[in-house]
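Novice: Need coordinates for the below:
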Amino acid sequence: MGLEIKFIERELHPIMYIIVPLGAFSLAFLCGGVLMSWAGVNPISGYEAFISGAIGSPVKFADTLVRTTSFLLMGVGLAFALRARVFNIGAEGQYIMGAIVGTWVALLLQENLPPSITIIASLTMAMIIGGLWAGFAGYLKATLGINEVVLTVIMNWLAFKLLQWLLRGPLKNPLSEMWPMSPPIQAKIPVIISGTRLHLGFILAVLIAIGGYFLMFKTNYGFKLRVAGMNPDAAKYAGYDVRKIIISSMILSGSLAGLAGAIEVLAVYHFLYEGISIGLGYTSIIVALVGKLHPLAIIPSALMFGALYNGVVYLQSALGVSYTLSKAMEGMIYLFVLISEVFLKYKIRIIRR
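Specialist: You can find the predicted model right below:
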């Protein structure tokens with residue numbers, strides 16, 4: 001006699017797609033409190049610091065929206081690739097490539113062109129290189145059947161190594177002796193609320209998410225993309241070019257990740273440095289999944305993870321919590337959210353044989 005576990009898909013009321021993730025967050029925070037107690041930190045003080053860091057003041061809430069911007073752009077882009085059943089794990093590398101090219105174009109043009117033209121050219125080239133970087137992986141998958149997960153992870157590593165080399169060579173600021181970084185960028189994306197870091201890129205990200213909804217659900221291309229993802233054989237039978245859909249979805253995904261990288265440089269830091277790559281691309285995969293690969297639902301998902309990210313960072317600095325503990329709490333929340341997705345989508349049956 002043995003046991004067999006079956007996963008049976010189920011239909012849920014739409015409100016459950018809100019209740020279940022919130023329940024997962026609550027359970028994760030409860031476990032996080034146990035971790036903090038174990039580390040000698042008062043959980044109440046810890047979560048007060050967490051909330052303060054995420055939404056404790058207009059300035060901190062604006063910083064949460066700044067972090068939301070990158071998650072939103074990459075999450076929407078990843079939604080298109082995942083809808084086409086292409087597992088783009090390379091948003092991190094595409095983000096880095098966009099940041100590199102955006103910085104290079106800005107430094108090249110800022111002395112001779114107005115800031116507005118420099119910014120537009122920088123963002124455009126970042127989207128192009130991000131799209132090409134991802135499109136290359138999509139092309140190899142579509143034509144040669146190479147596994148895109150392995151390929152995009154390798155390309156993430158390659159992009160980071162390229163970033164390290166450039167910041168120690170051609171893009172290094174000659175005035176920076178100890179820290180590898182680029183020269184400062186004078187062309188800056190405008191701030192939309194004085195006294196904060198909230199910039200015009202956030203508005204652009206929201207508009208792109210809205211546009212992504214119309215592209216995915218209101219156009220012929222979006223319909224073909226969703227059909228190709230749900231049933232490639234049916235899409236081929238209907239005459240759809242599945243190879244082109246795979247490649248185009250990766251190009252679109254990579255272009256938005258590249259745009260996110262350039263916006264981060266031009267709007268937030270105003271120079272390029274190695275720490276520009278801090279795992280945002282990997283977190284954006286979870287952002288897209290929690291948002292059910294729906295561009296509009298990804299907006300609140302990105303906001304939630306933006307608040308989570310800033311809250312954990314502030315918790316670490318305010319209470320002296322170690323980096324490893326803060327990251328363990330962050331990872332625990334991600335884990336609980338992903339597990340909740342399984343219970344949300346499937347009924348689990350244990351059958352005795």
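
Novice: Domain map for the chain?
Specialist: 1-41+321-353, 64-315 (automatic domain parsing).

Novice: Between the two ends of the longest one, how far is it?
Specialist: If I follow you right, that is domain 64-315. 14 Å (C-alpha to C-alpha, to the nearest Å).

Novice: and it, how far out from the chain's middle?
Specialist: 7 Å (C-alpha atoms, centre = their mean, to the nearest Å).

Novice: does Ile350 count as helix, strand or coil?
Specialist: When classified by DSSP: H, G, I helix; E, B strand; the rest coil, Ile350 comes out as strand.

Novice: OK, contacts around the spatially most central residue of the chain?
Specialist: Residue closest to the mean C-alpha point of the chain, counted by C-alpha atoms, centre = their mean, is Ser284 at 2.6 Å. Contact partners of Ser284, counting by C-beta atoms under 8 Å, 6 or more residues apart in numbering, are Ser70, Phe71, Met74, Gly75, Leu78, Ala91, Ala257. The way it works is simple: take the backbone N, C-alpha and C, and place the C-beta from them, glycine included.

Novice: Buried deepest among the domains of the chain, which one?
Specialist: Most buried of these by mean neighbour count (mean count of other C-beta atoms under 10 Å) is domain 64-315; its value is a mean of 21.

Novice: So for that one, mean pLDDT?
Specialist: What domain 64-315 shows for mean pLDDT is 93.

Novice: Just read off the phi/psi values of Leu140.
Specialist: The phi and psi values for Leu140, taken as degrees, to the nearest 10, are phi -70, psi -30.

Novice: Pull the residues that contact the host helix or strand of Leu215.
Specialist: Per DSSP states H and E, Leu215 falls inside helix 200-217. For helix 200-217, contacts defined as C-beta under 8 Å, 6+ apart pick out 65-66, 68-69, 72-73, 76, 79-80, 83, 189-192, 221-222, 225-226, 256, 260, 263, 267, 294-296, 298-299.

Novice: what are the ranges of the strands in this structure?
Specialist: Using DSSP state E, the strands found in the chain span residues 3-9, 346-352.

Novice: now the ones you listed as CSV including distance to Pro180 and mean pLDDT?
Specialist: Below are the strands of the chain laid out as CSV (distance: least, C-beta to C-beta, whole Å; pLDDT from 0 to 100):
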stretch, distance to Pro180, mean pLDDT
strand 3-9, 48, 71
strand 346-352, 47, 74
